[in-house]
Every structure is written in C-alpha cells, then in structure tokens.
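K.L.:
How does the following fold in three dimensions:
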Amino acid sequence: MLFKRGDPRRECFERMAEQVFSSVYGTALRLTRDREEASDLSQEAIVRAYEAFDRFDGRNFKAWMLRILTNLYINKYRRRVREGTSGSLDDEAAQEPVALASEAPDRQVFDEMLGSEVEEALAKVPDVFRMAVMLSDLEGLTYDEIAEATDVPVGTVRSRIARGRALLRKELESFAKEQGYLKP
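P.N.:
Okay, the predicted model is just below:
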C-alpha cells in the first residue's frame, strides 16, 4: 500500500526505516560480501517493507525488516542455484570500478567495525550459521527476534548460533594466539 505525502503512516515508515537502515545494509553486506549487491538487496528490502507496511504488526520494526531482507537473500540464493550463474561479457564490461574495493568508504567502515581477520573468518562460516551469529552478536537481536526474522524455531536459532560461534572460534584461534589472546 502506497501512502501519499503528508500521510502520518508514510512519515512513520520513513522515520523507522532511517533508524534501521545501517543495520539492514550492514547485514546485507555481510550476507552478500559485495557492496553493490548489498545496496540492491537492502533497497529492495526497504521497497518491499514499504509496500507491506500496512501488514506490519507494530512490534519490532528492525526484526521485521531483517526478516524481509533475509527472505529476499534466501530467495535470490535459491534462484541462483536453480538457474546457475549466467551473464554476458557486456554486463561485466558495463561495471567500471571507481576505486579499489579496499578503498570504498563502506568497506573501510566495515573493516574498522570488525577487523579484517574477523571479517574473513565470518565469511568462511556457512550462511545459516553466519546469519544467526550476525543477527545475534552484531545486530543485537534476541533469540525470539532471530527466530521470527529467519522463520525457524528458537531452538534452531540457539543451535545455529552455538555452531556458528564454534566455527568462528576455530577460524580465529591462530589469530588469537598470534595476538596474545590465547597462550600457544
């Protein structure tokens, strides 16, 4: 449902969307590991949320937005698996990078937030576990909110977070020893 200018529901949506957009984009960036895809995914999630705002139950906008984002990501992933990767050389030539990926402002902020070692370790964790850990540890959602956002039971959320953290711990063990956090 589209709201006209001046409609309090539109203003309410815009205000709430602005408050959670950095979390939506950050989650999209961690899921896709590509800033253009993350931008497209987060913008599509905002559009879908706007169109469905009349169905929002008013409880937790951030969790609702992250569920929309998560569903979009899963649907796109499934579509890619079904269709395989296809693209033309023309599409690839159309993309002209403005700067090195490591110099992109959002990439620098992301690296500072997590540290490159943690980011690399997180990227190695399988999607379902990574998503649960990100929503819990980076976005601060409760287990119930994560269950709602990912449409799985709370017990599954707990299991995924535990397994995701264990995989992260394993990936980061040598780094922690090098930095003196763990004894060799």
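
K.L.:
can you pull out the strands in the chain?
P.N.:
With DSSP state E applied, the chain shows no strands anywhere along its length.

K.L.:
can you list the domains in it?
P.N.:
Domain ranges of the chain: 1-84, 115-184, per automatic domain parsing.

K.L.:
can I get those domains in JSON lines with mean pLDDT and mean neighbour count?
P.N.:
Just so you know, the C-beta spots here come from the backbone N, C-alpha and C atoms, and that holds for glycine as well. Compiled in JSON lines, the domains of the chain are given as follows (pLDDT from 0 to 100; neighbours: other CB atoms under 10 Å):
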{"stretch": "domain 1-84", "mean pLDDT": "85", "mean neighbour count": "15"}
{"stretch": "domain 115-184", "mean pLDDT": "87", "mean neighbour count": "16"}
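
K.L.:
any idea how far the spatially most central residue of the chain lies from Glu83?
P.N.:
With distances taken as CA atoms, centre = their mean, the residue of the chain nearest its centroid is Thr27 (2.0 Å). Here the distance between Thr27 and Glu83 works out to 24 Å (CB to CB, to the nearest Å).

K.L.:
got it, and Arg9?
P.N.:
Here the distance between Arg9 and Glu83 works out to 37 Å (CB to CB).

K.L.:
Start and end of stretch 146-160, how far apart?
P.N.:
Across stretch 146-160, the straight-line distance between its terminal residues is 11 Å, by CA to CA, to the nearest Å.

K.L.:
and that stretch, how far from the chain's centre?
P.N.:
For stretch 146-160, the separation from the chain centroid amounts to 16 Å (computed by CA atoms, centre = their mean, to the nearest Å).

K.L.:
contacts for it?
P.N.:
Judged by CB atoms under 8 Å, 6 or more residues apart in numbering, the contacts made with stretch 146-160 from elsewhere in the structure are 60, 63-64, 66-67, 70-71, 128-129, 131-133, 135-136, 141, 143-144, 161.

K.L.:
Kindly recompute the last result at 7 Å.
P.N.:
Under the criterion CB atoms under 7 Å, 6 or more residues apart in numbering, residues 63, 66-67, 70, 128-129, 131-132, 135-136, 141, 143-144 lie in contact with stretch 146-160.

K.L.:
Please enumerate the helices of the chain.
P.N.:
Under the criterion DSSP state H, the chain carries helices at the ranges 8-32, 35-51, 61-83, 89-94, 105-114, 116-124, 127-133, 143-150, 154-178.

K.L.:
okay if I get those helices as TSV plus distance to Pro184?
P.N.:
Compiled in TSV, the helices of the chain are given as follows (distance: least, CB to CB, whole Å):
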stretch	distance to Pro184
helix 8-32	30
helix 35-51	37
helix 61-83	39
helix 89-94	45
helix 105-114	24
helix 116-124	17
helix 127-133	26
helix 143-150	35
helix 154-178	5
